[in-house]
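A.B. asks: build me a model from this:
(2 chains)
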Amino acid sequence: QKEVEQNSGPLSVPEGAIASLNCTYSDRGSQSFFWYRQYSGKSPELIMFIYSNGDKEDGRFTAQLNKASQYVSLLIRDSQPSDSATYLCAVSNQAGTALIFGKGTTLSVSS
Amino acid sequence: GAGVSQSPSNKVTEKGKDVELRCDPISGHTALYWYRQSLGQGLEFLIYFQGNSAPDKSGLPSDRFSAERTGGSVSTLTIQRTQQEDSAVYLCASSLSERNTGELFFGEGSRLTVL
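C.D. replies: Model (predicted):
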């Protein structure tokens, strides 16, 4: 069974700090990696995707991928209270027919 | 439509009844996925459609669950003889891209409660 593991949290950071969210996956054949944000009672929405080893930056968000370690992370700089949500790591299966989601990490940013 | 549309938004049914959940994807999106999310749990993959065919239905939890897609558009997820453990939010997502290379756009979900 292919798995995606995340710490459930909650991860609490003060406003303006850096939030670091981590994810490990088991399928070495995975090629696509995604971070989704889900507000309480709402559906997930895409924040970032990354396909290659290294860092990818988009505004306050940086995704990091290390395929050798089977590790994906998301850094949120200058965290805002509006960033408070559950962050879902998603990894494609090798066949590319399903995104496997972790259970999510709950982030709380206090003002 | 502008986004993925799901109906009904809420469904309460009695154990043993059949239910149908509908998903209308974004126009032109050939890939369609069904997931379910139980309270405090992550998204559990159910089935993937590319056009009208389902190359991956490995996530369907039992033969009580089935899904179809017609005209490369609307999809229906059917749960027969519902059980209490079927209670969850059923999410549909669509994508322009094949093989998980692009963004999934999710609908607002259908919340199913089995009494």
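
A.B. asks: what pairs with the helix or strand hosting residue A:106, parallel or antiparallel?
C.D. replies: Assigned by DSSP states H and E, residue A:106 belongs to strand A:105-110. With DSSP bridges as the test, strand A:105-110 is paired with strand A:11-14 (parallel), strand A:85-92 (antiparallel).

A.B. asks: pick the most deeply packed of these.
C.D. replies: strand A:85-92 (a mean of 24; mean count of other Cβ atoms under 10 Å in any protein chain shown). C-beta: built from backbone N, CA, C; applies to glycine.

A.B. asks: how far off centre is that one?
C.D. replies: In terms of Cα atoms, centre = their mean, to the nearest Å, the centre of strand A:85-92 is set 5 Å apart from its chain centre.

A.B. asks: CA atoms of it as PDB?
C.D. replies: Extracted in PDB, the C-alpha atoms of strand A:85-92 (Å, rounded to 0.1, in the frame of the first residue of the first chain):
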ATOM      1  CA  ALA A  85      -5.600  25.700   7.600                       C
ATOM      2  CA  THR A  86      -4.800  22.100   7.000                       C
ATOM      3  CA  TYR A  87      -2.100  21.400   4.500                       C
ATOM      4  CA  LEU A  88      -2.300  18.200   2.500                       C
ATOM      5  CA  CYS A  89       0.700  16.700   0.800                       C
ATOM      6  CA  ALA A  90      -0.200  14.700  -2.400                       C
ATOM      7  CA  VAL A  91       1.900  12.400  -4.400                       C
ATOM      8  CA  SER A  92       1.100  10.800  -7.700                       C
END
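
A.B. asks: I'd like the next helix or strand past that strand.
C.D. replies: Per DSSP H and E, the first helix or strand lying C-terminal to strand A:85-92 is strand A:99-101.

A.B. asks: quickly check: that following strand near chain B or not.
C.D. replies: Yes. Interface with chain B: strand A:99-101 contributes A:99, A:100, A:101 (Cβ under 8 Å from any Cβ of the partner chain).

A.B. asks: wait, the second one sits on residue A:23?
C.D. replies: Spelled out, it's residue A:100. No. If you go by Cβ atoms under 8 Å, residue A:100 and residue A:23 don't touch, sitting 10.8 Å apart.

A.B. asks: overlap in contacts of the two?
C.D. replies: With contacts taken as Cβ atoms under 8 Å, 6 or more residues apart in numbering or on different chains, residue A:100 and residue A:23 have A:4, A:91 as neighbours in common.

A.B. asks: can you list the residues of chain B near chain A?
C.D. replies: So far as Cβ under 8 Å from any Cβ goes, chain B lies against chain A at B:33, B:35, B:40-45, B:48, B:55-56, B:58-59, B:91, B:98-104, B:106-109.

A.B. asks: please check those and keep the buried ones.
C.D. replies: Among the residues of chain B next to chain A, those scoring as buried are B:33, B:35, B:42-45, B:48, B:56, B:59, B:91, B:99-100, B:102, B:104, B:106-109 (criterion: 16 or more other Cβ atoms under 10 Å in any protein chain shown).

A.B. asks: so where's chain B shaky on pLDDT?
C.D. replies: Along chain B, segments meeting pLDDT under 70 span B:1, B:99-100.
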